[in-house]
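>>> Fold the stuff below for me.
(2 chains)
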There are 2 protein chains.
Amino acid sequence: MKLRIIVTLKNGVLDPQGKAIQHALGGLGFEGVDDVRAGKIFELDVADGTSDAAIDEMCRKLLANTVIENYRVERP
Amino acid sequence: MKLRIIVTLKNGVLDPQGKAIQHALGGLGFEGVDDVRAGKIFELDVADGTSDAAIDEMCRKLLANTVIENYRVERP
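As a prediction, the model looks like this:
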């Protein structure tokens, strides 16, 4: 079973990587880029029948730092 | 206009970060994780009317290293 876990910084948490990218895009001549937020994506291949609770636990224990990050699970 | 740009390693390119995560999940007792691939996601807020060609150029010039990475653009 393929899963996609997307980890993004919570709103209000500063994102210096995103700001650097936004600035670099401006420097390259791309105008109108109002905001950039950088995050992580993990594509997992887990055994069929892995429970939602187990997936949630993987995210909370390892993949995301829930103090500053949100995560969401997508099944493509 | 909100965009989501997902950058992932091409098939065949070694992904040590993904392998480390897979191993760590095993160590935490999560079984049946057959593969993990790590990637990046960029959430951009660009001016309405930004052309697809311009978005493509942003990806190729800055956001992705097309030698080893694929990118795709999603409009949520």
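
>>> Quick one, grab the pLDDT at the closest residue to residue A:30 other than its chain neighbours.
Of all residues not flanking residue A:30 in the chain, residue B:58 sits nearest, at 5.6 Å (Cβ to Cβ, 6 or more residues apart in numbering or on different chains). C-beta: built from backbone N, CA, C; applies to glycine. With respect to pLDDT, residue B:58 scores 96.

>>> What helix or strand is residue B:58 located in?
helix B:52-58 (DSSP states H and E).

>>> quick one: contacts for the residue nearest to residue A:30?
A:25, A:28, A:30, A:33, B:5, B:44 (Cβ atoms under 8 Å, 6 or more residues apart in numbering or on different chains).

>>> Also residue A:1?
Contacts of residue A:1 (Cβ under 8 Å, 6+ apart): A:45-50, A:75.

>>> Then residue A:18?
By Cβ under 8 Å, 6+ apart, the neighbours of residue A:18 are A:35-38, B:42.

>>> SS state for it?
helix (DSSP: H, G, I helix; E, B strand; the rest coil).

>>> Pull out the buried residues from the helix or strand just after the helix holding residue B:58.
Downstream of helix B:52-58, the next assigned helix or strand under DSSP H and E is strand B:69-74. Using 16 or more other Cβ atoms under 10 Å in any protein chain shown as the test for burial, strand B:69-74 gives B:69, B:71, B:73.

>>> could the contacts of residue A:1 go into a markdown table alongside neighbour count, pLDDT and distance to residue A:16?
Converted to a markdown table, the contacts of residue A:1 look like this (neighbours: other Cβ atoms under 10 Å in any protein chain shown; pLDDT from 0 to 100; distance: Cβ to Cβ, whole Å):
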| residue | neighbour count | pLDDT | distance to residue A:16 |
| --- | --- | --- | --- |
| A:45 | 14 | 97 | 32 |
| A:46 | 20 | 96 | 32 |
| A:47 | 12 | 95 | 38 |
| A:48 | 6 | 94 | 40 |
| A:49 | 8 | 91 | 40 |
| A:50 | 17 | 93 | 35 |
| A:75 | 8 | 91 | 32 |
